[in-house]
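Enquirer: Provided below are the primary sequence and the corresponding predicted coordinates.
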Amino acid sequence: MAQGNEILRVDNLSVYYHTPEGPVKAVERVSFTLNEGERLGLVGESGSGKSTIALALMRMIRPPGRPESGQVILDGVDLLSLNEESMRKVRLAHLALVAQGAMNSLNPVKRIKEQFRYSLRDHGQEMKGAELEAFIAQLLQRVGLQPAVANMFPHELSGGMKQRVCIAIAISLNPQVIIADEPTSALDVVVQWQVIETLRKVQEELGAAVIQIGHDMGLMAQSVEKLGVMYAGKLIEIGPTEDVFKNPLHPYTQMLIESLPTLENRESLHGIPGLPPSLLNRDTNDCPFHPRCPHAMDRCKVQEPRMLEIQPGHMAACHLLDMPDNQAIAGDLQQSAAD
Amino acid sequence: MTTILEARDVTKIFGGGMFDKTQTIALERFSFSVDADRPTVTAIVGESGSGKTTIVRLLLGLTSPTEGQVLYQGRDLQQLNRSERKEFLSDVQAIFQDPFEVYNPFYKVDHVLESPIDNFKMAKSKEHRRQLIVDALEAVGLRPDETLGRYPHQLSGGQRQRIMVARALLLRPKVIIADEPVSMVDASLRATILESLLVLKRDFGISLIYITHDLTTAFHISSDIIVLYRGSVTEGGNAGLVVPKPEHPYTRLLVGSIPMADPDLPWLGERVLGTPAGGVAPTGTSFCRFYDRCPHAMQECVEAAPPLFHTSHGRATSCYLYRDAPALPPDGLIQVLSEVDSDQQLSQNGLHLDPSLVRSPSSPS
C-alpha cells in the first residue's frame, strides 16, 4: 500500500485523571508517529492507557482527566492548542473515532439515516432529501450494507451491522485518520473478521491512516502494519508488526506473546505472574514492568528506560537494550523468546 | 461407568405460548454426559445464539427441557428430593463469565469462600474453615495473605475469577461448569486462570465443562469439543482431531476466522468457505441450520436435518457431505466422545492445521 508522509505525530503526551487521592497517571510521556495510509495498532491490558490516548487525540478527555503535557500534531496543526470550535471542525472531517462499544451508542429511537444526518449537521454538512439519501446510500454500500438499512432502527440490525454503520458514519467526511477503539470486542469471531475487513477496505479506498486499539494480539497480528505495546500508561515497544512478533524486544512483549494460546502448542500455558502497578500517584521514574520482570535489575527500579531504536523503526524502552553491546543483548532476548 | 450428569436428547424451545406464537428453538436434540470414573474437559463452542447458555442453564437445573431429560446420577434433575438436590449442588459447581458481578461489594471476598463451607457444614472449627480456604486458594495459585480480608474492588478481575475457581473447588465437586470464564479477563492473566482450571482436572479429578466462543482456548485445555450452531451440534469429537481438521463447513469457518497471533499466517475468515450455494429453502422445521451460509447446500439439507455421521474413530459430524459414514442416533455423541483416551491425545503437541485453513504464503508446507 502506498504510504506517504507523516500525518500524525504524538509527542510526549501525558494524561492524568485528578482524584482526591492524587493523580492517576493514565498516559505517561507517549510518543509515536503515523504515516498517511498506515495502520497502527495499540495493544495493552485494561488500564494500560490505550483508550485514554484515543480520547486525548480527539480532545474528548473529560474532567477530572486532563492532558498534562505534550503535543498532538495532525497535518501540521497542534490539536491540543486549538479552541473548542476549531477542534469541532477537525473531528469527523480530519480525525474520526469509532468509539469503544460504538454500536451501542446508536440512538435506539432514531432511524439510521437520522443518525447520519445529525452527525453530518453537527460537523457543518447540511444535506436534505434526495442528496442526503444518495450520500448515505453510498456510505452504507462502502461498508457492505444495503441502502435499505438507512430506514431501519438499530435494534433491527445485528452487532456486526451496527458496527459497520458506525464505521460508515466515521468515514462520512473522508477523515485522514480513523481511530477505532476495540472495534470488534463483543463480536463473534466470524463477524469480527467481516468488520475488520470492512475497516481495511474503506481505509484503503480513502487512503486514511488507522489507529486500531485493542487487547487481542491475534487480531493485531492480522490487521495492522505497525504495533505499539502499552503497559501501565507507557508505550514500551513499537515497531513493524512482524518484527514485534518475531523479535519482541521488551520482556513484557515477549511474555505477552508467550502467554497467547495458539493452535500449535497445546496445554502449555504461560501466564505473566503478578499484576500491573496501580497508576494512582505512581512514581514514574522507573520501569513500570520491573516488579514482574524476570530480568529486573536495581537500575530498573530507579531509572526510567529510554526508548531505543534497535532495528529501523523498531523501538523499545528497556535497560537491557541500553547496554554497551545492545545488539548482543537484543540477540539474547530473541533467543530467550524463542526458547 | 457411572454417569454423574447427563443430557439425554434434550430440546429447549422458548416462546410458543398463549400470546407469543413465534417459537425459538434454542437447543435441538442435544445429548451429552459426564462420567465419574474418567475426568474430562469438554468444551462446548459456539457463537452468540448457538445455545451455549441454554446448555449451562439446563445442566444446572435452572431451566427445564421442553423435550428430553437432564439426569443427575440417573435421576431427573427436575424431580430431585431435598437431600438429592443438596448433593447435586455440592457435586456440580459453576463459574460464570463476569468476575465483577458475582461479588457483593459490601462483603469481603472471604464471604464467598466461607458461605459454601458453612452451608454444607464442611468445617469442624473456624481454624479448620480457614485451612480449607487457604488450601483452595493455594491450589489455584493465589497467595491467601494477598486475597483474604480484602473487598472485591481491591482485587483485579483475574484474581476475582481465580477466587471463583477456588470457591468451586472447596466443595470438591465432581463437575465444574465454567461459562466463558476468561472472556472478561486480560490476556496476560487468561493463561493463569486456564492453568488453574487444568489443575482441577489433573490434581483433583474434577470434570470440566468449558463453555466458550473461543476455539483457541478450547483447543488448549479440553480433551473433547462440541461445536454448536443455532442450537444444533454441528460437530463433536476429540479436540485434537476436530480443531486441526474440521469437517463441518461451519467448523471450518470458525477455525478459519481465528486471528492467529502470527503475521505470517493469513486470516481467511469467510474466504475459507466461499459463496453460499443458495437456491434451496427449507419447507418444514427440520433442516440443517447452516444451509443459508453453506457453499455445499443441497436439496436434502433443507428437507431434513442431517444426523450425526460417525466419520472416524472419536468424532462425528452432522453434515450430508459425510453421508457415507454410518449415521448415529441422537445420543450417539456420548459414545463417540468416549472412544478416544483423551489424556493420550492431549500429550500430542504441535498439531498441524489443515493447510486450506491457514496457508502460510512464505513456506511451502
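Expert: Sure thing, it's come through. Numbering: from 1, shown residues only, chains lettered A, B, ... in the order given.
Enquirer: please enumerate the strands of the stretch 151-300 of chain A.
Expert: A:177-181, A:209-214, A:226-231, A:234-240 (DSSP state E, counting those that start in this stretch).
Enquirer: TSV for those, including mean neighbour count, mean pLDDT and distance to chain B?
Expert: Backbone N, C-alpha and C define where each C-beta goes, glycine included. Converted to TSV, these look like this (neighbours: other Cβ atoms under 10 Å in any protein chain shown; pLDDT from 0 to 100; distance: least, Cβ to the nearest Cβ, whole Å):
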stretch	mean neighbour count	mean pLDDT	distance to chain B
strand A:177-181	25	93	15
strand A:209-214	25	94	10
strand A:226-231	26	95	9
strand A:234-240	25	95	9
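Enquirer: of all the ones you listed, which lies closest to B:Ile211?
Expert: strand A:209-214 (23.6 Å; Cβ to Cβ).
Enquirer: residues making contact with that closest one?
Expert: A:7-8, A:34-43, A:50-51, A:53-54, A:57, A:100, A:176-185, A:199, A:203, A:220, A:223-224 (Cβ atoms under 8 Å, 6 or more residues apart in numbering or on different chains).
Enquirer: swap in stretch A:287-301?
Expert: A:231-234, A:236, A:250-252, A:255, A:272-277, A:282, A:286, A:303-305, A:317-320.
Enquirer: make it 6 Å
Expert: By Cβ atoms under 6 Å, 6 or more residues apart in numbering or on different chains, the surrounding residues in contact with stretch A:287-301 are A:231-232, A:234, A:251-252, A:272, A:274, A:277, A:286, A:305, A:319-320.
Enquirer: closest to chain B out of those residues?
Expert: Within the contacts of stretch A:287-301, the smallest distance to chain B is 4.1 Å, found for A:Ile272 (Cβ to the nearest Cβ).
Enquirer: isn't the closest one right next to B:Ser188, touching?
Expert: Yes - contact between A:Ile272 and B:Ser188 holds when scored by Cβ atoms under 6 Å: they sit 4.1 Å apart.
Enquirer: pull up the overlap in contacts between these two.
Expert: By Cβ under 6 Å, 6+ apart, A:Ile272 and B:Ser188 have these common neighbours: A:Ser259.
Enquirer: re earlier: just the buried ones from the contacts of strand A:209-214?
Expert: Buried positions within the contacts of strand A:209-214, assessed by neighbour count (16 or more other Cβ atoms under 10 Å in any protein chain shown), are A:7-8, A:34-43, A:50-51, A:53-54, A:57, A:100, A:176-184, A:199, A:203, A:220, A:223-224.
Enquirer: which ones among those map onto helices?
Expert: For the buried ones among the contacts of strand A:209-214, membership in helices holds for A:50-51, A:53-54, A:57, A:199, A:203, A:220, A:223, with DSSP state H as the criterion.
Enquirer: residues contacting the residue in the stretch 1-150 of chain B that chain A sits nearest to?
Expert: Nearest to chain A, among the residues of the stretch 1-150 of chain B, is B:Glu47, at 3.9 Å (Cβ to the nearest Cβ). By Cβ under 6 Å, 6+ apart, the residues touching B:Glu47 are A:188, B:213.
Enquirer: go on, B:His153?
Expert: With the criterion set at Cβ under 6 Å, 6+ apart, B:His153 makes contact with nothing.
Enquirer: tell me if it really is in a strand.
Expert: No - membership of B:His153 in a strand is not supported by DSSP: H, G, I helix; E, B strand; the rest coil, which gives helix.
Enquirer: for it, give its distance to chain A.
Expert: For B:His153, the distance to chain A equals 12 Å [Cβ to the nearest Cβ, to the nearest Å].
Enquirer: that residue and A:Gly101, how far apart?
Expert: 22 Å (Cβ to Cβ, to the nearest Å).
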